[in-house]
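Enquirer: I'll drop the sequence and a predicted model, then ask my questions.
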Amino acid sequence: MPDTKISTKEAIMLILSIIVAHTIVTLPATLLKNSESGAILNLIYVSILALLVVYLIYILFKKFQGQDIFDISEYLGGKFLKNVIGLIFIFYFISSSGILLRNFAEGLKVIYFPNTNILFIILSFIITICITNSLTFKSNVKVISIILPLVIISIIFLFIGNTKQFDFEQIFPILGNGIYDTFITGIGNIIAFGGISCLYILPPLLQKPEDFKKIALTSIGISSIYLLICISTILFMFSFFINVDEILPLYTAASYIEYGAFFQRLDSIFLMIWMLEICCYLTITSQFSAIIFKKMTNLKYQKPLTFIFPILIFTIALIPKTVAISRLLGDTLYKYVALTVVFFIGILILIIANIKKHKEERT
């Protein structure tokens, strides 16, 4: 439909939004815990791997221009495979959104609402995304294009504003726990680029499908720089983040910034901007899920799905009984689901489909 087509710039913003949302919550602390002082070197390493992965995805999509992973799955294995892949991607979006929302809500509860039931904090976000889901996909992407630059500016400001607090010796030993942990087990940190999942869905939604390569490489390039700024800020400021599970580590860094009496407590402004970004992320993942479900079932209208996926996100967010469990799910479930869906199943489907296409062309 015309109102779902988005520009090249908006598509880049969309991918960045997925990545940025996870850095606001627990991802920086997770990366630091996995790699310790070698986190910066490890991030450069996985950034190169992520660029290679998206370039591979671009090459594999070349024979299927304008089609998404679900169209390709149908070509490969009929409606059955299309529906299976669709359900897998919906599970990925809904589960990761629910756990991220729970962890972010726990952070808000600790910071501002210690006496408020976590259910009501989560519910406020769910009501927001139900309202925004009533808008068109393109409208929500335009909102992201406004909010995301503010988030990136806040992170850059966070880095610059805390330079006086930096201890650059935290980068040593530069290999962290050794070469094996940095370059072998550290490959798992490629989950920081979970926004790659958008590439499997975007082709039919683009105004210029021929810009797919530009979208893929540019979004990962900007994400790499952004993630380096986030990780550097926390690593140079807090060595204890390596051994302590901390909710919203970037907020803790923001609380150290002071520019005279008038500009004290800038962390509140940052948190407000980040709350808007989380709302954007939840809206996009629920709308992606609706787009996938609509394609699976051949529904004529998407409006009936406005409330279904936010309710599923709400249900997932309420499953963890404690903060420790929600953190554990955020560190493990998201990691292994993202690695399986984004970096294995999606690429595997594309490779097999290309082999089939090649055989047909030869025949």
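Expert: Perfect, thanks for sending it.
Enquirer: Can you report phi and psi for residue 6?
Expert: phi -120, psi 160 (degrees, to the nearest 10).
Enquirer: burial of it, as a residue count?
Expert: 24 (other CB atoms under 10 Å). In this view, the C-beta of every residue, glycine as well, is placed from N, C-alpha and C.
Enquirer: Distance of it relative to residue 318?
Expert: Distance, residue 6 to residue 318, using CB to CB, to the nearest Å: 32 Å.
Enquirer: Repeat that for residue 275.
Expert: 19 Å.
Enquirer: go on, residue 352?
Expert: Using CB to CB, residue 352 is found at 38 Å from residue 318.
Enquirer: Equivalent analysis for residue 124, please.
Expert: Residue 124 is 14 Å from residue 318, by CB to CB.
Enquirer: try residue 302
Expert: Distance from residue 302 to residue 318, by CB to CB: 25 Å.
Enquirer: low-confidence ranges in the stretch 151-300 of the chain?
Expert: For the stretch 151-300 of the chain, the stretches with pLDDT under 70 are 239-247, 258-265.
Enquirer: now the helices: where do they sit in it?
Expert: 179-183, 212-237, 249-254, 267-297 (DSSP state H, counting those that start in this stretch).
Enquirer: Name the surrounding residues that touch the first one.
Expert: To tie it back to what came earlier, the one meant is helix 179-183. 34-35, 38, 41-42, 45, 175-176 (CB atoms under 8 Å, 6 or more residues apart in numbering).
Enquirer: can we see that at 7 Å?
Expert: With CB atoms under 7 Å, 6 or more residues apart in numbering as the test, helix 179-183 has contacts from 35, 38, 41-42, 45, 175-176.
Enquirer: Please point out which parts of that helix sit buried.
Expert: Residues of helix 179-183 classed as buried by neighbour count (16 or more other CB atoms under 10 Å): 181-182.
Enquirer: likewise the longest one?
Expert: Judged by neighbour count (16+ other CB under 10 Å), helix 267-297 contains these buried residues: 267, 270-271, 273-296.
Enquirer: Check the offset of it from the chain's centre.
Expert: Centre-to-centre, helix 267-297 and its host chain are 10 Å apart (CA atoms, centre = their mean, to the nearest Å).
Enquirer: now do the second one
Expert: Here the centre of mass of C-alpha atoms in helix 212-237, compared against the chain's by CA atoms, centre = their mean, lies 12 Å away.
Enquirer: Next, the buried residues of it.
Expert: 212, 215-216, 218-220, 222-224, 226-237.
Enquirer: low-confidence ranges in the stretch 1-150 of the chain?
Expert: For the stretch 1-150 of the chain (pLDDT under 70), the answer is 1-4.
Enquirer: Now with 90, please.
Expert: 1-5, 25-39, 65-66, 110-115, 133-139 (pLDDT under 90).
Enquirer: if I pick residue 5, what's in contact with it?
Expert: 138, 205-207.
Enquirer: out of these, which one sits closest to residue 358?
Expert: residue 206 (24.8 Å; CB to CB).
Enquirer: The spatially closest residue to that closest one that is not a sequence neighbour: neighbour count?
Expert: Distance criterion CB to CB, 6 or more residues apart in numbering; nearest residue to residue 206, sequence neighbours excluded, is residue 11 at 6.0 Å. Each residue near residue 11 was counted by other CB under 10 Å, and the total is 26.
Enquirer: ok, now residue 341?
Expert: Using other CB under 10 Å: residue 341 sits among 20 other residues.
Enquirer: what's the answer for residue 329, then?
Expert: The burial count for residue 329: 20, using other CB under 10 Å.
Enquirer: go on, residue 332?
Expert: Residue 332: 12 neighbours (other CB under 10 Å).
Enquirer: do the same with residue 165
Expert: By the criterion of other CB under 10 Å, residue 165 has 13 neighbours.
Enquirer: Check residue 116 too.
Expert: 13.
Enquirer: do residue 33 as well
Expert: Residue 33 has 17 nearby residues by other CB under 10 Å.
Enquirer: Which helix or strand contains it?
Expert: Taking DSSP states H and E as the definition, one finds residue 33 inside helix 27-35.
Enquirer: following that helix, which helix or strand shows up next?
Expert: helix 39-61.
Enquirer: related to what we said a few turns ago, can I get the buried part of the contacts of helix 179-183 as one PyMOL selection?
Expert: Of those, the buried ones can be selected in PyMOL as follows, counting by 16+ other CB under 10 Å:
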select buried, resi 35+38+41+42+45+175+176
